[in-house]
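Undergrad: below is the sequence, then the predicted model.
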Amino acid sequence: MNRLLVCPPDYFAIEYEINLWMRRSNIVDHERAVTQWHRLMEVLERDMGVRLECMRPVPGLPDLVFTANAGVAVGRQAVVSRFRYAERQREEAHFEHWFRAAGYEIVTFDQDIFFEGAGDLLGFPEYWFGGYRQRSDIRMFPLLSERFTREIIPLELIDGRFYHLDNCLCPLSGGELLYYPPAFDSYGQSAIRERVDEGLRLAVPEAEALKFACNAVCVGAHVALPEGCPTTMELLQERGCQVHPVPLDEFMKSGGSAKCLTLAIDGFLP
């Protein structure tokens, strides 16, 4: 993964409430949000060796900054997200325009199936995990599995605080899985245990899961994650990861963090 799609937070704000984190009364400090975003970009470029591709922010689309929800890119094909909430559906045309302009073939499916991109599709080279119930529709995963010839294991998200898969699960390049088990139903927890060896499962404590510890960006041995997660940092460092904590509390007000602010466009796998 060498390139990430990002979008500057020029118009980032909380203008509506579509998840348990968002409160219009919790006003974003715009200057602080811009500083935090640029700090994350600096870490990604300078410390993690990533090439950033920036799309243009659009007035009236405050969540366009969360490019993880643009869709998924596999090779030169892209599946553009179909958002569940009307407040974000106007983003779809802008994400599709970016992918087309960048030379991707757009893969389309039935318009009545919701799918919120790499926020709900993560995994390893051999198989992928698909998060559903809160935002994405489970019916999407057989279609994606057939199209890209990858097994997709559906994981039901049962806690509204973890409304996207990337809020509570992060595959790492060494085969480890950073995750918060109670975000999943019993089947999902069992499916994870069956696929990921015990020594590779890194369970984060609730207090740090609620600080978006799992909403991390992994590039090789480097992991960027929100600051304030010492136990998670220790788990990662014990596995040989080089950890880069970044202040991202302004974006957490809207229910997002490091991973939400990026989309891998050379393939979404670690």
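TA: Cool, the structure landed. Residues are numbered from 1 along each chain as shown.

Undergrad: three-state assignment of Cys218?
TA: Secondary structure assignment for Cys218 (DSSP: H, G, I helix; E, B strand; the rest coil): strand.

Undergrad: what helix or strand is Leu235 on?
TA: Taking DSSP states H and E as the criterion, Leu235 maps to helix 230-238.

Undergrad: what comes into contact with that helix?
TA: Leu172, Leu178, Leu202, Val204, Pro205, Glu208, Ala213, Cys214, Val223, Leu225, Val243, Pro245 (C-beta atoms under 8 Å, 6 or more residues apart in numbering). (Glycine included, C-beta is placed from N, CA and C.)

Undergrad: helices of this protein, residue ranges please.
TA: 30-42, 86-89, 91-101, 140-148, 186-195, 206-209, 230-238, 249-252 (DSSP state H).

Undergrad: the contacts of helix 230-238, buried ones only, as a ChimeraX selection?
TA: ChimeraX command restricting the contacts of helix 230-238 to the buried ones, with burial defined by 16 or more other C-beta atoms under 10 Å:
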select :172,178,202,204,208,213,214,223,225,243,245
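
Undergrad: out of the contacts of helix 230-238, which are inside strands?
TA: Counted as lying in strands by DSSP state E, out of the contacts of helix 230-238, are Leu178, Leu202, Val223, Leu225, Val243, Pro245.

Undergrad: mind checking pLDDT for Met1?
TA: Reading off the confidence values, Met1 has pLDDT 50.

Undergrad: just Asp110 next, same as before
TA: 79.

Undergrad: quick check: it vs Tyr16, distance?
TA: 26 Å (C-beta to C-beta, to the nearest Å).

Undergrad: the two: which is more packed in?
TA: A side-by-side neighbour count of Asp110 and Tyr16, using other C-beta atoms under 10 Å, places Tyr16 first with 14 against 10.

Undergrad: pretty sure the more buried one is touching Gly60, no?
TA: No. Tyr16 is beyond contact range of Gly60, at 11.3 Å (criterion: C-beta atoms under 8 Å).

Undergrad: quick one on the thing from earlier: name the nearest of the contacts of helix 230-238 relative to Arg51.
TA: Val223 (18.0 Å; C-beta to C-beta).

Undergrad: the closest one reaches Arg239, doesn't it?
TA: No. Between Val223 and Arg239 there is no contact under C-beta under 8 Å: 9.4 Å.
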